[in-house]
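Novice: Sequence and predicted structure are below.
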Amino acid sequence: MASLNMLISELAHSVQQADSVPVRRALRLGIIHARNEMIRKTYDNNRVTDKILQQRFKLSLIDVPDGDLVITNNIPGCKIKRTTNKVPRPVRLTNNLPFHSVRTVGVVSNKEIPFVKEASSQFYKHLPGMNNTDNYDYINEYIYININLGIYLAGLKYLIVESVFEYPHLIQTETNSGLLNIDNISDDDEFLLPEDMISGVKKIVLETFNPQVVRQTNEIPTPNLVK
C-alpha cells in the first residue's frame, strides 16, 4: 500500500503540475472518489466487498428521546439509544444496508443488531419470533437503536460498526495498545488501497482530471479565466 501523498505526487508529476497546491488538492479528492467508485462497481458485479477493505471501530452511545426530538423529551419511558457523535459515511452500495455489521463489543458474547427502518420498527413486535428483536437505523449520519425494555441491550454503552468507509484514513481504531489519535493522522500514513487497485485508481483519475482547468486559491471572486 502507498500513502495519499505518494499517489498525489506521482499523479501531479504526470500532469506536469507537481508544485501546484490546488492541483494536488483536486488530485487528492480524485483518488478518494476513484477508490470508492471501484468498490461500488466491484460490488455491483460480484455482490461482495473484499474483507481487506472493511474497517471496524467503537462508538459510544447515549440515551435520547424517541425520535431525538425536543417535543418528546418529557414523555416518560420513551428513550432510545443514539451514537454520541456522527458516524463516518460508508461507501454507498446497492444492498439497501448502510453498514456491513452493527454489533455489541467483543467476540465471545457479542450480539448482531439488524437494520430496520425507523418507520417500520414498531411493527416488528407483531411478527412471530421477532418480538424481542433490537434494531438500528442510520439517520442524519447517526445510528439510532430501538431497544426493547428489560432485555440485554438496555444498558449498552458502546457499539461496534464494521463496513467499507468513504474516507478510510479517518477511521479511529482502538486496540489493546491504545486508541489512535485522529489528530495524528496524516496523508503520509498508509492509505487503505490494495496494490492491485492502485493502477485502476490512477487510470480513472488521469482520464477524468483536466489539467487545463485554472484552479485558484484566492478567496476573492474573479472572472472565469477559462472562458
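Specialist: In hand now; what should we look at?

Novice: and the next element down the chain from the longest helix out of those in the chain?
Specialist: Taking DSSP state H as the criterion, the chain has its longest helix at helix 21-46. With elements assigned by DSSP states H and E, the helix or strand that comes after helix 21-46 is strand 55-65.

Novice: Starting from the helix or strand following that following strand, tell me which strands it pairs with and how they run.
Specialist: Counting by DSSP H and E, the next helix or strand C-terminal to strand 55-65 is strand 79-83. Strand partners for strand 79-83, identified by DSSP bridges, are recorded as strand 55-65 (antiparallel), strand 142-146 (antiparallel).

Novice: Any chance of TSV for those, columns mean neighbour count?
Specialist: All C-beta spots, glycine's among them, are computed from the backbone N, C-alpha and C. Listed next are the strands paired with strand 79-83 as TSV, based on neighbours: other Cβ atoms under 10 Å:
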stretch	mean neighbour count
strand 55-65	15
strand 142-146	20
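
Novice: could you dump the ones you listed to TSV with mean pLDDT and distance to residue 90?
Specialist: What follows is the strands paired with strand 79-83, written out as TSV (pLDDT from 0 to 100; distance: least, Cβ to Cβ, whole Å):
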stretch	mean pLDDT	distance to residue 90
strand 55-65	91	10
strand 142-146	93	11
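
Novice: Distance to residue 96 for those strands - can I get that in TSV?
Specialist: Output for these, formatted as TSV (distance: least, Cβ to Cβ, whole Å):
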stretch	distance to residue 96
strand 55-65	21
strand 142-146	16
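
Novice: Residue 81: which of the ones you listed is closest?
Specialist: strand 142-146 (3.9 Å; Cβ to Cβ).

Novice: coming back round to it: pull out the buried residues from the longest helix of the chain.
Specialist: 23-24, 26-28, 30-32, 34-36, 38-40, 42-43 (16 or more other Cβ atoms under 10 Å).

Novice: Show me how this protein divides into domains.
Specialist: 4-50+186-208, 55-163 (automatic domain parsing).

Novice: Need these in JSON lines (columns: distance to residue 171).
Specialist: As requested, the domains of the chain are exported to JSON lines (distance: least, Cβ to Cβ, whole Å):
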{"stretch": "domain 4-50+186-208", "distance to residue 171": "9"}
{"stretch": "domain 55-163", "distance to residue 171": "5"}
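
Novice: Looking at the buried residues of helix 21-46, which one is closest to residue 163?
Specialist: Looking across these and measuring by Cβ to Cβ, the closest to residue 163 is residue 39, at 10.9 Å.

Novice: Do I have it right that residue 49 meets residue 38?
Specialist: No - if you go by Cβ atoms under 8 Å, residue 49 and residue 38 don't touch, sitting 10.9 Å apart.

Novice: buried residues in stretch 163-178?
Specialist: 163-166, 168-169, 171.
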